[in-house]
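> from the sequence below, what's the structure:
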Amino acid sequence: MSLTYKEANDEMLSILKTAWDTTGHKMFWEAVRDQREIDQSPWATVVVRHAAGQQDTLGGIGNRQFLRLGTIVVTINTPSSSGLSEGYNLAKVVSDAYEGVSSPNGIWFRNVRINELGREGTFFQTNVVIDFEYHETK
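Prediction:
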């Protein structure tokens, strides 16, 4: 399947939203301007970063495939007073949404990993990092 940058971004974030909504916690989306009123509840942010791409196949216009690669980074913030358990539990929700799966339209997710970042103010930060790849035909 062929996906544009926007279509792929929307599909990747839709997978995250479906998984994260089950937690009942706030998710702040990069492209949405909002007031980030933070209390002592867990919350998260997400960024999608395209990194590289290349022409994968030869052919005429409309038949060439271009490989798109990048990374999704979900940063989970949990109150530092709750220890690491809550951060790990929420990180598992995110990692389970992407690990070993592909999206309905052909985005492959690989190298899902959890990185403990440490304390930031009154929160402990944990990243879930997901590599992705997909193709665009043009």
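> tell me, what residue is most central in this protein?
With distances taken as CA atoms, centre = their mean, the chain has I72 as the residue nearest its mean C-alpha position (3.6 Å).
> quick check, that residue in a helix?
No: counting by DSSP: H, G, I helix; E, B strand; the rest coil, I72 is not found in a helix; it is strand.
> report the separation between it and G59.
Noted for I72: a distance of 30 Å to G59, by CB to CB, to the nearest Å. Heads up, the C-betas are built off the backbone N, CA and C, glycines and all.
> ditto for A51
Between A51 and G59 the distance is 24 Å, computed by CB to CB.
> retrieve the pLDDT associated with the residue nearest to the centre of the chain.
On pLDDT, I72 comes in at 98.
> surely it touches M12?
Yes: using CB atoms under 8 Å, I72 makes contact with M12 at a distance of 6.0 Å.
> overlap in contacts of these two?
Residues touching both I72 and M12 (CB atoms under 8 Å, 6 or more residues apart in numbering): V48, F132.
> re earlier: the closest residue in space to the residue nearest to the centre of the chain that isn't next to it in sequence: what secondary structure?
Among residues not flanking I72 along the chain, I130 sits closest, at 4.4 Å (CB to CB, 6 or more residues apart in numbering). Classification of I130 using three-state DSSP returns strand.
> for S41, same thing?
Here S41 takes the coil state, with states given by three-state DSSP.
> pretty sure it sits against H25.
Yes: with contact defined as CB under 8 Å, S41 and H25 form a contacting pair (6.2 Å).
> so what's the residue count around the residue nearest to I72?
Around I130 there are 23 other residues, counting by other CB atoms under 10 Å.
> residue contacts, it?
Contact analysis of I130 by CB under 8 Å, 6+ apart lists T71, I72, V73, V74, S95, Y98, F109, R110, N111, V112.
> show me what contacts the fourth one?
Neighbour list for V74: L16, A44, T45, V46, V94, N127, V128, I130 [criterion: CB under 8 Å, 6+ apart].
> in helices, which of the residues you listed fall?
L16, V94 (DSSP state H).
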